[in-house]
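Chemist: Predicted coordinates and the sequence they were generated for:
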Amino acid sequence: MNTHLTTFNADLTELEGPRPRATLFKPRKTKQTRKAKKSRVSTDYDPFKELRAVPEGYQRPEQRCWVPNDVARPVLRSELSPLWREDITKMGTGDRKHRFLASVVAVVNGDFFVRRRSNGQWTIKKKAAEVKNILWNEWGGDQTMLNIRRDTIDTFMSQTAYVVLDGLAYVPGAGCFVEFNGRKCLNTHYQPPLAHPVDADISDDTRLLIEMIVKNLLGETDGELHDWLDAIEGEKPSSIKWMFHYLASLYQRPGKALPVALWLIGPAQGVGKGLFTSGLQMLVGRVNAKSASAEEFKGEWTDFLTDASLFILDEVDFSSRKEANSKLKRLIGNEVISARKRHVGEFQLPAVANFVFTTNNVRPIALDRDDRRNTFFETNGGAASKDRAKQFYQLGHARRQSAWAGLAMILNMISIDDRVLDRAFQTDIKTRMVEAGLDPFDEWFHSENIQNAWQVNEFAPGEWIKGRYVSWAKENAYRGCATSSYAQTKIDELVSEGFLSKQQRKYLRDEGKVRGYVRYDPSSNADHPNAADCEVIKARRISEGLANTRRKIKANEQRTKVAK
């Protein structure tokens, strides 16, 4: 061999690296050299897009979570599964399929929950085989671009790649997973509100619906559509503005619990109260609205309060007006509410619901004079109102739904004024209810002077309570309601309603022993304090010097009596 040629080839090899050897066959790739199979499906592919689709020319309000973050916060999927912590652009096809399946299967308290393709609902299943069947029937094969096969589903289930959670919650707008009270929960909310047309003319059916609301349910007699639209956006408070801003909040902000309940009151039948509440269910989404009875509302078990953003109680008539008002105070205006379930006991829920009541009873609940949780509208029962409601009913279901979609378009245009909705709107019917139904002892007990003198978790002697009330009642109540025995009867009622403790004996700082009561707040979820630790109302707080003086006076009086 030529030595010069050998040296040249060696130098070339060192500079360029070894030359590939000519061969008829390509070298076989090992596991180390084989590239990961890359999915041909785009990384932003969304299999749930169809669930959120709306008809062409329609739209829905954008949803967000209205529950404060310190009460219930949305949980990112990356907090629950390592499949979401990886970069999807670097994931192989198999991992991407498992990643998707982990978004439609979860285990809560040992039960499987699987998400349906048709509506997004989470369905509970006891057996893994049932879950596999749903995954194959609704998400398998060419039903998504991921082309999920049976063996992929089997592997996913056998590897327990699904998410395991602590409980269930219902929080509109928060995504599939939330954290509530430190527990990771599956969010059971899934249905969006009614879609509305975009930039469409207001139809005659929608005009009829608005007229029925204004003239039949609010009892307004004057004006036309343009006047009512002006009132909605006007600065002046009015029943029209309050009602339509309330409806706009239900529609635009599902899960936003308002501090006021809506009541429609009137003895006349056939004016459209039922048509209105049925339409509300279409507006917010039927699965998001629940109809409840007065019996459920006043009963011991209140687990019906779950899984809804709107509760409708039609034609209610409570046997105890005070008890109904007390329960409403616990449900309305709080960020967290308590419910009770048979065999489970009491549990907490994030407050996401609003309440609408209709009734023929013109005094359905007992009201405090300064009530701010209830707005009452008196319906118009005239012949014209009944004809209007009949005309709207005869449109049929499809046209009534279209009318509500037209109203939804208007509601979505409203810039909601929370100053209007932060407290009840005062109406004539409410004023009459307060004046006719307020018990003198209740009026005294809830008055600002007494609330300041006797605050929550303070102890008041029974004789002090009766003395203060009788002194007030002699000038402000009928003679039969201005006695100590009447006051004791009312005190016993407040004990049963949770406003006062049972009668207890307390040892005072001056070593005196008195019988009295601790004032509670029934709307609070806090534990009741020990009466021994409660401060006595300010009227009983006396200095040691004054206590000694009183003891001396009492001793002198006793000596005088003995001397006589």
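Modeler: Ah, there it is. What you see is a predicted model; the values in this text were computed from it and never measured. Numbering: from 1, shown residues only.

Chemist: shaky segments in this protein?
Modeler: Along the chain, segments meeting pLDDT under 70 span 1-39, 319-322, 436-438, 523, 538-551, 554, 561-564.

Chemist: Between its first and last residues, how far does stretch 197-209 reach?
Modeler: Using Cα to Cα, to the nearest Å, the end-to-end distance of stretch 197-209 comes to 16 Å.

Chemist: ok, residues contacting it?
Modeler: Contact with stretch 197-209 is made by 57-59, 225, 279, 388, 391-392, 395, 399-400, 402-407, 409-410, as judged by Cβ atoms under 8 Å, 6 or more residues apart in numbering. To be clear about C-beta, it is placed using only N, CA and C from the backbone, and glycine gets the same treatment.

Chemist: got the buried residues for it?
Modeler: Residues of stretch 197-209 classed as buried by neighbour count (16 or more other Cβ atoms under 10 Å): Pro197, Ser203, Asp205, Thr206, Leu208, Leu209.

Chemist: same deal with stretch 234-247?
Modeler: By neighbour count on 16+ other Cβ under 10 Å, the buried set for stretch 234-247 is Ser238, Ser239, Ile240, Lys241, Trp242, Met243, Phe244, His245, Tyr246, Leu247.

Chemist: Closest one of those to Pro350?
Modeler: Tyr246 (20.7 Å; Cβ to Cβ).

Chemist: quick one: contacts for that closest one?
Modeler: So Tyr246 contacts Leu258, Val260, Leu262, Thr375, Leu421 (Cβ under 8 Å, 6+ apart).

Chemist: try 7 Å this time
Modeler: By Cβ atoms under 7 Å, 6 or more residues apart in numbering, the contact list for Tyr246 reads Leu262, Leu421.

Chemist: Would you mind writing the ChimeraX command to select the buried ones in the contacts of stretch 197-209?
Modeler: A single ChimeraX command is used to select the members of the contacts of stretch 197-209 judged buried by 16+ other Cβ under 10 Å:
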select :58,279,388,392,395,400,402,403,404,405,406,407,409,410
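
Chemist: So which of the buried residues of stretch 234-247 belong to strands?
Modeler: Assigned to strands by DSSP state E, none of those qualify.

Chemist: Reformat those as JSON lines; add distance to Leu186.
Modeler: Listed next are those as JSON lines, based on distance: Cβ to Cβ, whole Å:
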{"residue": "Ser238", "distance to Leu186": "43"}
{"residue": "Ser239", "distance to Leu186": "41"}
{"residue": "Ile240", "distance to Leu186": "40"}
{"residue": "Lys241", "distance to Leu186": "39"}
{"residue": "Trp242", "distance to Leu186": "36"}
{"residue": "Met243", "distance to Leu186": "35"}
{"residue": "Phe244", "distance to Leu186": "35"}
{"residue": "His245", "distance to Leu186": "33"}
{"residue": "Tyr246", "distance to Leu186": "30"}
{"residue": "Leu247", "distance to Leu186": "30"}
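
Chemist: out of those, who's nearest Ala353?
Modeler: Lowest distance from Ala353 to the buried residues of stretch 234-247 (Cβ to Cβ) belongs to Tyr246, with 13.9 Å.

Chemist: Give the burial count for Ser42, as a bare number.
Modeler: 8 (other Cβ atoms under 10 Å).

Chemist: Identify the residues contacting it.
Modeler: Contacts of Ser42 by Cβ under 7 Å, 6+ apart: none found.

Chemist: Repeat that for the one 3 residues further on.
Modeler: With contacts defined as Cβ under 7 Å, 6+ apart, the neighbours of Tyr45 are Met145.

Chemist: Closest to Gly92 out of the buried residues of stretch 234-247?
Modeler: Of all the buried residues of stretch 234-247, Leu247 has the smallest distance to Gly92: 49.8 Å, by Cβ to Cβ.

Chemist: Ile410 is in contact with the closest one, correct?
Modeler: No - Leu247 is beyond contact range of Ile410, at 9.3 Å (criterion: Cβ atoms under 7 Å).
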